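A.B. asks: Got a sequence here, can you build the structure:
(2 chains)
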Amino acid sequence: MKETQTLETKSTSLETIERICGSEAIVKCLIAEGVDILYGYPGGAIMPVYDELYKYQGKIHHVLTRHEQGAAHAAQGFARISGRVGVAMATSGPGATNLVTGIADAQIDSTPLVCITGQVPSHLLGSDAFQETDIVGISTPVTKWNHQVTKASEIPEVIAKAFYIARSGRPGPVLIDITKDAQFGELDFKYEKCTGVRSYIPVPKINLDSVKAAADLINSAKKPMVVWGQGIILSEAEKELKAVIEKAGIPAAWTIMGASALPTSHPLNIGMVGMHGNYAPNKLTNECDVLIAIGMRFDDRVTGDLNTYAKQAKVIHFEIDPAEVNKNVHADVAVLGDAKASLTQLLPLLNETSHDAWLQEFKDLYAIEFENVIKNDINPTKEGLTMGEVLKEINKQSEGNAAIVSDVGQHQMIACRYSEFNKTKSNITSGGLGTMGFALPAAMGAKMAAPEREVVAIIGDGGFQMNIQELGTIFQQKIPVKIVVLNNEFLGMVRQWQQLFFDKRYASTEMTNPDFVTIAKGYYIEAKRVTKREELADAVKEMMASKESYFLEVCVEKEDNVFPMIPSGASVSDIRLS
Amino acid sequence: MNEDIKTFTISIYTENNIGLLNRISAIFQRRHINIESLTTSQSEIEGVNRFVIVVNITESQAKKIVGQFEKQIEVIRTYYHTDEETIYQESGMFKIKSDLLFEEPQIQNIIKESNARIVTVNKEFFVLEKSGRRNEIESLRRDLNAFGIMQFVRSGRISVTKEPMKVTEMLLGIQ
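C.D. replies: Now for the predicted structure:
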């Protein structure tokens, strides 16, 4: 029985307070936060919420994934392409623990997620009850915030706080664990959005003196270089980044998480830094005089050996998270704050200039990389297909407008190196955690968040089999996502390391694979296999033209390697071309 | 670039929340930093807790972990200080057989000289409490050990800083 009371408040508006149960409150909170799609998997301890989702199905669409890990990654894909908070739901125990990989991935890649887990009734907490697990304890190191709710009355405030924390400042995952008795319990429901938490400063105030100091350094630089990261995308500072580098004529490189924030074709876009990044920006990191890092965190895959990283350069670090400043690389000038706001302050202080000779150095090194690596990757003359030529074909036919969702491994590096991006938020990949199995569910989340975009998942044969069950979700939900599996019958990146550093001892990296096309067809997904170069263009064309989901397997050369490469622990300037 | 390892006292002002200790200890654990002592109590501000944690680390490590603490949603403010910048002490308790008080007259002198306080006395045992620096408590323990100690326990460090920590002002500024 529900009763509705209407109370008049001091303001002229009428506020409605309803007496409802906790589970209904959860669904109403999600709707109030603008959630129209969520991903999850039901089970005992979350059943009251699913019962409400059934009643509210016209307003909020629950996507039943085939595994909770799929739900977490789908919510990530949803968030990454849209900038909105992704929502995943699971039951207690194994349901909750299965979310953990996705949560950890979202934490290290700063993705806003709210995960809601059911929990055993509060009187059973700590009793080793059926499907009881301490998910708050387990998820503590991999969440931005987490909390257990044991009373229905706490639900609106805690969920409001969860969304606020997930999306504000440096975004991240939040987990809310709700006991079954809190779901059944009643409360006077009223939803107010959270606008602040007193112990939490999401965005530090910009210090104008440090912006001025940054501008002075940039204005006096002879060889400045920008390295931007995902911070540009998260703060939607793409225009500001472009304006800054164009005005001051600064060559700009990106981390894997920053890809697509500036069109690939932009003349100042000098490519990717890091272990398998481009030759020029890695080499010249150790030649520049001012290194301007924006919204990036100097991950070890970016810096290589820290003792030989950009030691000659003055470093300017634009960063929203104070804990990242001076964590790995000393910043001569740190500008704390949101990237968009900081770059807006910086722009008018910059002198209009160009650094043509310096930019030419990047072009010269690119020519070397093209001759030694790129040419053979994208225009191969050998018989076997390469991953690079598949990406080139996808670029051509999508005209650089597709969102590329890559998994983890060799194909990921190839996808990030060779994808052409015209639009931001187009490179969705597991950067920090390196989670195999990410791409298939993330691609379906991305496609659902942005149905108007072409979403192409690029996956290896290893990663594909880590969440292959999500083909079932794609089929049931009719998600028109394009799935490309680059099959080399190896765990290619590990095999590459075994070849280079373990004398070709291929321990457990060779895969005897099933017939993927038959599997896709078993899920009623249109599917094709390509084994020859002359079949590739038509197959990609057919895939792109399809209005429904489409699976394309491309059998590529088994033992190709990804270059350039900075061996683990080596200096960025010791990047190898072969 | 090898920095000296020093003793730092880390003061963390937090909201009073279940689970926060877990978050804080995980930050030390991930970095293999051994916690020498940890004390948590109400702070000078109503509803705000204060952790006092003693660790032996380098100053650059101290700066970095302070950043990690401040990043936690329910952490209000974190500071690190050297011993010279704080007033600090610990407390030790000793349970000793009462017979010894009469059989070993020296014990009475030890108690007097050490400024230890007798908390309770009964027929079987008496309890001594000594507050002060670690070495003072340790020296008392050594002295009493010669006669036999039934139980000994020492608290973690508590400390206040010489410089002000402007947490109240900060909280007022936010609200």
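A.B. asks: What residues does A:G271 make contact with?
C.D. replies: For A:G271, the contacting residues are A:253-254, A:277-278, A:280-281, A:366, A:417, by C-beta atoms under 8 Å, 6 or more residues apart in numbering or on different chains. Where you see a C-beta, it was placed from the backbone N, CA and C, and this is true even at glycine.
A.B. asks: Run through the residues of chain B sitting next to chain A.
C.D. replies: Where chain B comes near chain A, counting by C-beta under 8 Å from any C-beta of the partner chain, the residues are B:14-15, B:18-19, B:22-23, B:26, B:30, B:63-64, B:67-68, B:70-71, B:73-76, B:171, B:174-175.
A.B. asks: Any quick ChimeraX command for the buried ones out of the residues you listed?
C.D. replies: Only the buried entries of the residues of chain B next to chain A go into this ChimeraX selection, using 16 or more other C-beta atoms under 10 Å in any protein chain shown:
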select /B:14,15,23,26,64,67,68,70,71,73,74,75,76,171
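A.B. asks: if we look at stretch B:140-154, which residues are touching it?
C.D. replies: Taking C-beta under 8 Å, 6+ apart as the criterion, the residues outside stretch B:140-154 that touch it are B:90-97, B:100, B:104, B:106-107, B:110, B:114, B:116, B:125, B:128, B:130, B:134, B:137.
A.B. asks: of these, buried ones?
C.D. replies: A residue is treated as buried here by neighbour count (16+ other C-beta under 10 Å); on that basis the buried members of the contacts of stretch B:140-154 are B:90, B:92-96, B:100, B:104, B:107, B:110, B:114, B:116, B:125, B:128, B:130, B:134, B:137.
A.B. asks: can you tell me which of the residues of chain B next to chain A are in strands?
C.D. replies: Assignment to strands by DSSP state E places the following of the residues of chain B next to chain A there: B:14-15, B:75-76.
A.B. asks: Looking at these, which is nearest A:F370?
C.D. replies: Nearest to A:F370 among these is B:V75, at 49.6 Å by C-beta to C-beta.
A.B. asks: in the sheet, who's paired with the closest one?
C.D. replies: B:T14 (DSSP bridges).
A.B. asks: Please parse chain B into its domains.
C.D. replies: Per automatic domain parsing, the domain ranges recorded for chain B read B:6-86, B:89-154.
A.B. asks: Looking at those, which is nearest to A:P94?
C.D. replies: By C-beta to C-beta (comparing all of these), the closest turns out to be domain B:6-86, at 21.6 Å.
A.B. asks: Can you get me the centre-to-centre distance for the closest one and its chain?
C.D. replies: Taking C-alpha atoms, centre = their mean, to the nearest Å, the mean C-alpha location of domain B:6-86 is offset from the chain mean by 12 Å.
A.B. asks: what about it, start to end distance?
C.D. replies: Across its full length, domain B:6-86 reaches 14 Å between end residues, using C-alpha to C-alpha, to the nearest Å.
A.B. asks: pLDDT of that domain, averaged?
C.D. replies: Across domain B:6-86, pLDDT averages out at 95.
A.B. asks: What ranges does the stretch 151-300 of chain A have for its strands?
C.D. replies: Listed in chain order, the strands found in the stretch 151-300 of chain A under DSSP state E, counting those that start in this stretch are A:173-179, A:186-189, A:224-228, A:252-254, A:269-272, A:290-294.
A.B. asks: and the last one with strand A:224-228, angle?
C.D. replies: Direction vectors for strand A:290-294 and strand A:224-228, defined by axes from the mean of the first three to the mean of the last three C-alpha atoms, to 10 degrees, enclose an angle of 20 degrees.
A.B. asks: Who are the packing partners of strand A:290-294?
C.D. replies: Strand A:290-294 is packed against helix A:208-220, strand A:224-228, strand A:314-319, with contacts defined by 3 or more C-beta pairs under 8 Å, 6 or more residues apart in numbering or on different chains; DSSP states H and E.
A.B. asks: Counting neighbours, what do you get for A:S578?
C.D. replies: A:S578 sits with 9 neighbouring residues when counted by other C-beta atoms under 10 Å in any protein chain shown.
A.B. asks: Mind checking what secondary structure the single nearest residue of chain A relative to chain B has?
C.D. replies: Of all residues in chain A, the one sitting closest to chain B is A:A323 (3.4 Å; C-beta to the nearest C-beta). When the structure is reduced to helix, strand and coil (DSSP: H, G, I helix; E, B strand; the rest coil), A:A323 reads as helix.
A.B. asks: which non-adjacent residue is nearest it?
C.D. replies: Of all residues not flanking A:A323 in the chain, B:G67 sits nearest, at 3.4 Å (C-beta to C-beta, 6 or more residues apart in numbering or on different chains).
A.B. asks: ok, the one you found - contacts?
C.D. replies: Counting by C-beta under 8 Å, 6+ apart, B:G67 makes contact with A:322-325, A:327.
A.B. asks: quick check, nearest of the residues you listed to A:I26?
C.D. replies: After measuring the contacts of B:G67 against A:I26 - C-beta to C-beta - the closest member comes out as A:A323, at 31.9 Å.
A.B. asks: B:E70 is in contact with the closest one, correct?
C.D. replies: Yes - between A:A323 and B:E70 there is a contact under C-beta atoms under 8 Å: 7.0 Å.
A.B. asks: What parts of chain A come near chain B?
C.D. replies: A:136-137, A:140-141, A:144-148, A:165, A:196-201, A:321-327.
A.B. asks: now do 6 Å
C.D. replies: A:136, A:140-141, A:145, A:165, A:198-200, A:322-323, A:327 (C-beta under 6 Å from any C-beta of the partner chain).
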